[in-house]
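**Q** A predicted structure for the sequence below; I have some questions about it.
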Amino acid sequence: MFNAENIWKSPQLPTLPAVAVRLLEISKNPETELNEIVDLIKTDPAITARILQATNSSFFSFNTKINSIERAVTLLGTTVITSLSLSFSLADESMSQGPMQAFYRDYWKQSIINAVAGEIIGKRCQPGLECEFFMASLLVDIGRLAMLKTISREYYPVLVTYESQERQLFEVEHEFLGLDHSLVSYKLIEKWGLPDSMLHGIRLQHFSTETLFEELTPGKHVMEAAIVLSNAVGDYFNSSSSGLAIQRIRELASHFFGIQGVEVDRYLEEVHQRIEAAGNLFDVDMSDIVSPSEIMSQANQQLLELTMRARSETLQASEQKKQFEREKQLLVCQNEVLQQKATIDTLTGSYNRAFFDEALQGKVHEASDRSMPICVIFCDIDKFKLLNDTFGHKFGDDVLRQFADVFRRNLRTADIFCRYGGEEFVVIVHRPTEKGVEKLTERIRNAIEQENFMHLGQRVPVTASFGTATMMPGRQDYDCGEEILKQADEALYQSKENGRNQAHHRCLINTQERELIKAVNNLKFSRWLVSREILDIMTISRILLQVPPDQRSLGEMAVDFKMMDYEQVDQLANAQKSCPRKRIGDMAVEMGFLTMENLHLLLCWQCEPPDRLMNSMTANNLFSAKRSRELYSEYQKSTMSTLVLT
């Protein structure tokens, strides 16, 4: 398997000479004087000679001969001189004369075409900065050069395959190596400290047009769009995939630059006219690059073949898909039957004991890892044996089925309802609060008491007793499931002892934990919406069922929100080894990495991500996307001001 480290660790990886590096540094300073640029360039006679040669070339077309580097810098400007120096430095060190010479030449041909295409777009959109577009587009494929120099043996079969097939180079690279040259280009440009817009454009160069339209905004991401377009122009002139390239060029040129129809043809012709002069700058023969009109007939033929092939493949794929869907549906049905047998109680249609045991363990893990409370409701039908003995087992089964239906009607879809065994039922409450659990239990108890259980036309009174237990597991306290069941069972027994048809509650949350829960709940976006009467409790409860918690760890969230850095997270991890049961949030506060207010906010956003609630409100047509964003923004400002005041 190919190891990408062979590229990054290779001594042959392209580097920039000291003059080019220094030029990049001082060119970023607007106060840099021209004489500083001149003095620096003069320290490298080779670059000086190349710049003078370029200044007098047909590419710039000055009327008089330029004999001094001072005059060249004055005429061309700092940006142009820096770009040329960087380009010449890379070109001079990479022109191979060995067996890979043809591949090096092909790379430089395409890079020069890219550069000219980018320059023309730059002149159209940002006059005066076209040389920056030239340099950015020239470097978009620098990863190819790096791979030629560092892994020539592994890269050779990639290039041979690419030349013999009408495929994209990056696809063949992925097939053989597991990465493509855009990744290598990105890392090199990042290492050299070039602008973020170049990095962004290089990263996106092989993305689909649909993704590019989502990622980039016309008029805002001009450099990025120019890089992507210029790369497609290079493929059009210098690859076997001209059909795909012209299709991409038309879409990109129209969307980002308003270049449509015959204007695209004029643009490509202008690129072709500039190619030879640009090639002379780098001593690269561009004479075999044919005109756009000659390429167009080949491109149209390719598009026709691709269309016919796609149509044939679509018909074949459609039939295969139908067969696949039939087989898939059969398997789904079979799996559903097996799943139901394994997890569903056949009499009541509720989950069975095996499912409950697994679900409880999962909820305990979640509550432990995220500092959340967990609650279990135990329920037992009062005097059920007497019902069976008096009215028969068939009536007893009917009572169990109807009892389960009453339960389900009064629970939320996220609550987990199971038949524990016999006439005992159990519920794992979703995101419980003490008052909420009490209200929920009383609602169910009353609904059962009011339900009409009928036998031979006569109503038979049926009641139930309840016991609940609520607790907050400690960190890695994954064995507390048994304890919470035991406490709920004892509370149920207390209800039986006190006369049945009632509920008893046991809250095992201590004062410190209760204060933590209260502080976290007060920061929630849902609480904010209800307190301002923007939404009622019933509506927000329904919407929250569609808002999954954030799966990131507390440390990851703290880093993302710039509350902590990775070094502090590592320190916490090491400290936690000696106190494995201690919550990471508490330790972060003790070590001074977080304030208590920071911790509350992180726990709040981990349990109930407000951005996801915002999106859910829009998806459920409660508000427009704009109004949801406004409410989210108001909530953020209110929350942050509260924290600051605290």
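**A** Arrived safely.
**Q** distance check, residue 88 against residue 53.
**A** 9 Å (C-beta to C-beta, to the nearest Å). Just so you know, the C-beta spots here come from the backbone N, C-alpha and C atoms, and that holds for glycine as well.
**Q** an error on my part: the question was meant for residue 376.
**A** According to C-beta to C-beta, residue 376 stands 82 Å off from residue 53.
**Q** more neighbours: those two, which one.
**A** Taking neighbours as other C-beta atoms under 10 Å, residue 376 and residue 53 compare with residue 376 leading, 26 against 15.
**Q** look up how far residue 360 lies from that one.
**A** With C-beta to C-beta as the criterion, residue 376 and residue 360 are 7 Å apart.
**Q** identify the contacts common to those two.
**A** Counting by C-beta atoms under 8 Å, 6 or more residues apart in numbering, the contacts common to residue 376 and residue 360 are 428, 485.
**Q** and residue 474, what does it touch?
**A** The contact partners of residue 474, by C-beta under 8 Å, 6+ apart, come to 368, 480, 581-583.
**Q** dump the residues you listed into TSV; add secondary structure and distance to residue 198 as well.
**A** Output for the contacts of residue 474, formatted as TSV (DSSP: H, G, I helix; E, B strand; the rest coil; distance: C-beta to C-beta, whole Å):
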residue	secondary structure	distance to residue 198
368	helix	46
480	coil	54
581	coil	49
582	coil	46
583	coil	44
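**Q** which regions of the stretch 501-646 of the chain lie under the pLDDT threshold?
**A** Filtered on pLDDT under 70, the stretch 501-646 of the chain yields the residue ranges 640-646.
**Q** can you give me the helices for it?
**A** Shown for the stretch 501-646 of the chain, the helices assigned by DSSP state H, counting those that start in this stretch span residues 511-522, 525-531, 537-544, 554-560, 566-576, 584-590, 596-607, 610-619, 625-645.
**Q** and the closest residue to residue 76 other than its chain neighbours, how far from residue 69?
**A** Take residue 76 and drop its neighbours on the chain: the residue closest to it by C-beta to C-beta, 6 or more residues apart in numbering is residue 55, 6.5 Å away. Applying C-beta to C-beta, the value for residue 55 to residue 69 is 9 Å.
**Q** looking at those two, which one has more neighbours?
**A** residue 55 (23 against 20).
**Q** and that one, what's its pLDDT?
**A** Residue 55 carries a pLDDT value of 79.
**Q** that one reaches residue 75, doesn't it?
**A** Yes - with contact defined as C-beta atoms under 8 Å, residue 55 and residue 75 form a contacting pair (6.8 Å).
**Q** shared neighbours of these two, anything?
**A** With contacts defined as C-beta under 8 Å, 6+ apart, the residues shared by residue 55 and residue 75 are 62, 66.
**Q** related to what we said a few turns ago, out of the helices of the stretch 501-646 of the chain, which gets nearest to residue 351?
**A** Smallest distance to residue 351 across the helices of the stretch 501-646 of the chain (C-beta to C-beta): 21.7 Å, for helix 537-544.
**Q** which strands or helices does the closest one pack on?
**A** helix 525-531, helix 610-619 (3 or more C-beta pairs under 8 Å, 6 or more residues apart in numbering; DSSP states H and E).
**Q** low-confidence ranges in the stretch 101-250 of the chain?
**A** For the stretch 101-250 of the chain (pLDDT under 70), the answer is 166.
**Q** quick one: the helices in it?
**A** Taking DSSP H, counting those that start in this stretch as the test, the helices found in the stretch 101-250 of the chain are 101-125, 130-138, 142-150, 152-164, 169-177, 181-192, 196-204, 209-215, 222-238, 242-257.
**Q** what's near enough to touch the residue nearest to residue 133 when sequence neighbours are not counted?
**A** Spatially, and ignoring its direct neighbours in sequence, residue 133 is nearest to residue 122 (2.9 Å; C-beta to C-beta, 6+ apart). When contacts are counted by C-beta under 8 Å, 6+ apart, residue 122 is found next to 129-134, 226.
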